[in-house]
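> next comes the sequence, and after it the predicted model I'd like to discuss.
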Amino acid sequence: MTKLRLATLLTLLCTLLIIVFLPRLRQDIPFTSMPQPVGIAQPGQLDIVKRPDLLVPSPSEYSYSPSAEATQLASKRDANGRTWYSFVPAGDTAAPVVLLLHGAGRDGLSMIDMWKDVAKTHDMVLIAPNSMAQIWDKSELSATLVDKMLSDASKSRAIDGGNVFLFGHSNGATYAAYLLNRRVGPWRAAALHGGFGPSETYVPAADPKPIRIYLGTQDHIFGVTAARRSAVSLSKSGHRTDLHLIPGHSHWFYAIGPKIAQDSWEWLQTTRTFD
């Protein structure tokens, strides 16, 4: 047998083995359940803009406690050692839901206070859990807890489970960005104020959702340079990313909060789906 004929036979044999066994090899690859499957992301659109229209006058003193109206409107709920606040406006149609994540040392009621007027105007359900300690732990907002909070709200009114959104301030913003990028959940998008994670936190997401970051240029905790790095990282991970810089604004949320809530909702609802 000539060398040429032998080489031809070996090539045909290798081709036959590939055809026969490759499908079987592919079927035998195990699938591992992951919190958020890591994908090969196409970069998301990145927009960095200045928002002087959002600036409000600085308060005379930096002191805050939830308003009497928020305390009256919100229901405090408790289950399995976890506590949260909810506001469910009366209505007959299925309402979208915003999950609100508070800053370090605060509680969910402070977030209900900032969002209550927007919720009344635009007919949405607010759910604001309390962290178990001063700051959020990455494992706190489990699927079980999210399902429990949504189920509890649905006893008072039908909710639109296909339109659930995240909003976080400061440490809660850092956690919201982490959830959007690293955890599978019902949320469609996230808006953040005065917070984000380190740029190295984020990984290419299999199903990247849009995210918007509001940050004051005078924020003494989260700086503009770091915000730009995180925004670029989120974009490279596949998320459509907006970074809105507010000239002259600090980290203080409890004066600008209602205005940020309104602007956030105007953007979040552009990501809604309608049956």
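Yes, it's here.
> what about the helices in the stretch 51-200 of the chain?
68-73, 108-122, 143-154, 171-182 (DSSP state H, counting those that start in this stretch).
> chain center to the third one: distance?
Helix 143-154 has its average C-alpha position 17 Å from the chain's average C-alpha position, going by CA atoms, centre = their mean, to the nearest Å.
> go on, the first one?
Computed by CA atoms, centre = their mean, the chain-centroid distance of helix 68-73 equals 26 Å.
> show me where pLDDT drops low in the stretch 1-150 of the chain?
For the stretch 1-150 of the chain, the stretches with pLDDT under 70 are 1-41.
> re the thing from before, tell me which of the helices of the stretch 51-200 of the chain sits most buried.
helix 171-182 (a mean of 25; mean count of other CB atoms under 10 Å). For every residue, glycine as well, the C-beta is placed using N, CA and C.
> for residue 78, name its beta-bridge partners.
With DSSP bridges applied, residue 78 shows beta-bridge pairing to residue 83.
> next up, the contacts around residue 62.
Taking CB atoms under 8 Å, 6 or more residues apart in numbering as the criterion, residue 62 is in contact with residue 252.
> one more time with 10 Å
By CB atoms under 10 Å, 6 or more residues apart in numbering, the contact list for residue 62 reads 250, 251, 252, 254, 255.
> distance check, it against residue 263.
22 Å (CB to CB, to the nearest Å).
> circling back to that earlier point, can you redo the helices of the stretch 51-200 of the chain as JSON lines with distance to residue 101?
Output for the helices of the stretch 51-200 of the chain, formatted as JSON lines (distance: least, CB to CB, whole Å):
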{"stretch": "helix 68-73", "distance to residue 101": "16"}
{"stretch": "helix 108-122", "distance to residue 101": "7"}
{"stretch": "helix 143-154", "distance to residue 101": "12"}
{"stretch": "helix 171-182", "distance to residue 101": "3"}
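> which residues in this structure form strands?
Counting by DSSP state E, one finds strands in the chain at the ranges 46-50, 75-79, 82-87, 95-101, 125-129, 159-169, 187-193, 211-216, 241-246.
> show me what the fourth one pairs with in its sheet, parallel or antiparallel.
For strand 95-101, the pairing partners within the sheet under DSSP bridges are strand 125-129 (parallel), strand 159-169 (parallel).
> convert the C-alpha atoms of that strand to CSV, please.
Extracted in CSV, the C-alpha atoms of strand 95-101 (Å, rounded to 0.1, in the frame of the first residue of the first chain):
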residue,chain,number,x,y,z
ALA,A,95,-48.7,46.7,38.9
PRO,A,96,-44.9,46.7,38.2
VAL,A,97,-42.6,46.3,41.2
VAL,A,98,-39.5,48.2,42.3
LEU,A,99,-37.2,46.4,44.9
LEU,A,100,-35.5,49.1,46.9
LEU,A,101,-32.2,48.5,48.6
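> what angle sits between that strand and strand 82-87?
130 degrees (axes from the mean of the first three to the mean of the last three CA atoms, to 10 degrees).
> in the sheet, who's paired with the nearest residue to residue 49 once chain neighbours are set aside?
Counting by CB to CB, 6 or more residues apart in numbering, residue 49 lies nearest to residue 244, which is 5.7 Å off, once chain neighbours are set aside. With DSSP bridges as the criterion, residue 244 is bridged to residue 49, residue 214.
> tell me the contacts of residue 244?
Counting by CB under 10 Å, 6+ apart, residue 244 has contacts 47-51, 54, 191-193, 212-215, 227, 260, 263-264, 267.
> before I go, just wanted to say thanks for your time.
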